[in-house]
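Enquirer: Return a 3D structure for these sequence lines:
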Amino acid sequence: MNFTTWPRLLALAALKMFTRKHYERWSEQDDELLRTMSEAGKSLTLITVKLNRPIASIKARAADLHVALPGTEIGHRRKRKQNA
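Expert: Numbers count the residues shown, from 1 in each chain. Predicted coordinates:
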């Protein structure tokens, strides 16, 4: 494989992943896999690949199930404690 075809193959894989399950309903098995992978601390990228769903879909479903995804709290500022 040469370096000029790599971006094309990656784009095709991403497009295939995006269109495959974008509108499919979540099954109980999908929900359970999402829960177990997030509890195990697996990355959002790995969860995306295993579930074959877009990141936005996984984030929305995790919010519906009240599941914390690892690494998604990056960029959120912590509230500073006020000195009394």
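
Enquirer: Touching, K50 and T36? I think so.
Expert: No. With contacts counted by C-beta atoms under 8 Å, K50 stays clear of T36, the gap being 10.4 Å. Just so you know, the C-beta spots here come from the backbone N, C-alpha and C atoms, and that holds for glycine as well.

Enquirer: neighbour count winner among those two?
Expert: K50 (14 against 11; other C-beta atoms under 10 Å).

Enquirer: Just give me the neighbour total for the residue nearest to L46 when sequence neighbours are not counted.
Expert: Excluding the flanking residues, the one nearest L46 by C-beta to C-beta, 6 or more residues apart in numbering is M37, at 7.1 Å. If you count neighbours by other C-beta under 10 Å, M37 ends up with 20.

Enquirer: Need phi/psi at M37.
Expert: phi -70, psi -40 (degrees, to the nearest 10).

Enquirer: just the helices in this protein please.
Expert: 6-20, 28-39, 44-51, 55-65 (DSSP state H).

Enquirer: Just the angle for the second one relative to helix 44-51, thanks.
Expert: Read it as helix 28-39. 160 degrees (axes from the mean of the first three to the mean of the last three C-alpha atoms, to 10 degrees).

Enquirer: so for helix 28-39, what's the average pLDDT?
Expert: Mean per-residue pLDDT for helix 28-39: 95.

Enquirer: tell me what that helix is packed against?
Expert: If you count contacts as 3 or more C-beta pairs under 8 Å, 6 or more residues apart in numbering; DSSP states H and E, helix 28-39 packs onto helix 44-51, helix 55-65.

Enquirer: what's the first one packed up against?
Expert: I take that to be helix 44-51. With contacts defined as 3+ C-beta pairs under 8 Å, 6+ apart, helix 44-51 has these neighbours: helix 28-39, helix 55-65.

Enquirer: which residues of this protein score low on pLDDT?
Expert: 1-7, 9-22, 72-84 (pLDDT under 70).

Enquirer: hmm, back to that, need the helices and strands packed on helix 44-51 in a markdown table with distance to L46, can you?
Expert: Below are these laid out as a markdown table (distance: least, C-beta to C-beta, whole Å):
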| stretch | distance to L46 |
| --- | --- |
| helix 28-39 | 7 |
| helix 55-65 | 11 |
